[in-house]
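In: Take a look and give me a structure for this.
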Amino acid sequence: MAAKPNVTPLEIEATFAEEGLDARALITRTDKKGIITFASKAYRDMTKYSKEELIGKPHSIVRHPFMPEGAFKEMWDTILKGEHWEGVVKNLRKDGKYYWVVVQIDPLNEKGEIIYNKPDKIAGFIAVRREPTRREVAQADMLYRKMRKAELLSKPKLKEWEEKVLFKL
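Out: Predicted structure coming up:
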């Protein structure tokens, strides 16, 4: 279920290069429920959130309202089975700008070691992001707009903010 964005989205893209993050990966760690336990400096620089604003918060703090709920359901279904997941995601920064990433998520055990196919041993997750190519962005944007529009049109009643999202799709 989508939550109302924390900030008002602007239709302005921020890139890794603009932020001086050319080759640095954006890294976060979360607990099993998606609560942020670590956010790299590069991640904080891109999102414009401070360490204090991120640690202890749900990772959905950066969720862009254009992202389809179905994309995140598929992600959670995969990682909770203890499997590796990779996908393109549009995120929302604290200043309202958005950015695209290719994110790879792996399950971690209590020692912080990556483990696979052991759902009962999962203590959290590590997510490593890189800047996607323009082709990856174009493909994801087209797919996600269709998915999100279908999701919103299927709801019996939209919240005011969801109506605004639908209008922009």
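
In: List the buried residues of the longest strand seen in the chain.
Out: Across the chain, the strand with the greatest residue count (assigned by DSSP state E) is strand 98-108. Buried residues in strand 98-108, defined by neighbour count with 16 or more other CB atoms under 10 Å: Tyr98, Tyr99, Trp100, Val101, Val102, Val103, Ile105, Asp106, Pro107, Leu108. In this view, the C-beta of every residue, glycine as well, is placed from N, C-alpha and C.

In: And the strands in the protein?
Out: Counting by DSSP E, the strands of the chain are 26-31, 36-39, 85-92, 98-108, 124-130.

In: With mean pLDDT and distance to Ala14 added, can I get those strands in TSV?
Out: Written out in TSV, the entries for the strands of the chain read as follows (pLDDT from 0 to 100; distance: least, CB to CB, whole Å):
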stretch	mean pLDDT	distance to Ala14
strand 26-31	96	12
strand 36-39	98	17
strand 85-92	97	10
strand 98-108	97	5
strand 124-130	96	13
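
In: who wins for proximity to Ile115 among those?
Out: strand 98-108 (5.6 Å; CB to CB).

In: which helices and strands does the closest one pack with?
Out: Here strand 98-108 touches helix 69-79, strand 85-92, strand 124-130, helix 134-154, going by 3 or more CB pairs under 8 Å, 6 or more residues apart in numbering; DSSP states H and E.

In: so which of the strands of the chain comes closest to Lys164?
Out: Lys164 lies closest, by CB to CB, to one member of the strands of the chain: strand 85-92, at 13.9 Å.

In: which other residues reach that closest one?
Out: With contacts defined as CB atoms under 8 Å, 6 or more residues apart in numbering, strand 85-92 is touched by 5-7, 9, 47, 62-67, 71, 75, 78-79, 98-105, 132, 136-137, 139-141, 144.
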